[in-house]
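Trainee: When you get a sec, could you give me coordinates for this:
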Amino acid sequence: MKKTLLLAVLMTLLPITLAYAQSGTQVIGFGTMYGVDGPFIDSTFIRGVLGDELPWVVGSARGSLTSDGHLRMTVRGIVFANDPSVPPELRGINDEAQFRGLVSCLTENGKKIGTVNITTVGFPATRSGDSNIDTFVTLPGQCVAPIIFVMSGSEDKWFAVTGGEQ
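Mentor: Predicted coordinates for the structure are as follows:
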């Protein structure tokens, strides 16, 4: 009886185990992001990706990238900062209908190092700055030191990037 029950449980779990084994392994996971601000505004300091011209804040963010290119992000409250440089009518809101993800990888080619940036399609974003990005990207053969960005849906500018501040 115990052997039959154990066998039944194992047979039930087998498809789940196989599905997990076939998915990619986690390359990077994160639980916070940094909103574009200060010297990152309107600059390409991070991997050549242009920061927005106004400061943004991040309420919360979490996500992961797996070796098979599965990018998942759940972001909440990515909105314009309550800052004097932001027009009053934009403070505390998101004016974009969509957010996109961008994965930036360093690659090697012989003795040279290059940067490969892969941008996703747009995903719906709310006025309160909430969005769920769940897609696959084609990663290069090597993806060293990956950085994940939340991008504007309408232009090539970032609002948030993996990292944090105290």
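Trainee: What's the local residue count around the residue nearest to G38 when sequence neighbours are not counted?
Mentor: Leaving out its chain neighbours, the residue that sits closest to G38 by Cβ to Cβ, 6 or more residues apart in numbering is P55, at 7.7 Å. In this view, the C-beta of every residue, glycine as well, is placed from N, C-alpha and C. Each residue near P55 was counted by other Cβ atoms under 10 Å, and the total is 19.
Trainee: is it true that P55 touches D42?
Mentor: No. If you go by Cβ atoms under 8 Å, P55 and D42 don't touch, sitting 10.3 Å apart.
Trainee: wait, is P39 part of a helix?
Mentor: Yes. Per DSSP: H, G, I helix; E, B strand; the rest coil, P39 lies within a helix segment.
Trainee: Contacts only, for it.
Mentor: By Cβ atoms under 8 Å, 6 or more residues apart in numbering, the contact list for P39 reads F45.
Trainee: Can you show me the helices along the chain?
Mentor: For the chain, helices defined by DSSP state H occupy the ranges 2-22.
Trainee: mind checking the longest strand of it?
Mentor: strand 98-109 (DSSP state E).
Trainee: Sheet-wise, list the partners of that strand with their directions.
Mentor: Taking DSSP bridges as the criterion, strand 98-109 forms sheet pairs with strand 112-119 (antiparallel), strand 123-124 (antiparallel), strand 144-152 (antiparallel).
Trainee: Any chance of JSON lines for those strands, columns distance to I133, mean neighbour count and mean pLDDT?
Mentor: Below are the strands paired with strand 98-109 laid out as JSON lines (distance: least, Cβ to Cβ, whole Å; neighbours: other Cβ atoms under 10 Å; pLDDT from 0 to 100):
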{"stretch": "strand 112-119", "distance to I133": "11", "mean neighbour count": "13", "mean pLDDT": "97"}
{"stretch": "strand 123-124", "distance to I133": "5", "mean neighbour count": "15", "mean pLDDT": "98"}
{"stretch": "strand 144-152", "distance to I133": "8", "mean neighbour count": "20", "mean pLDDT": "98"}
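Trainee: Can you give me the buried ones in the longest strand of the chain?
Mentor: Applying a neighbour-count criterion of 16 or more other Cβ atoms under 10 Å, one finds F99, R100, G101, L102, V103, S104, C105, L106 buried in strand 98-109.
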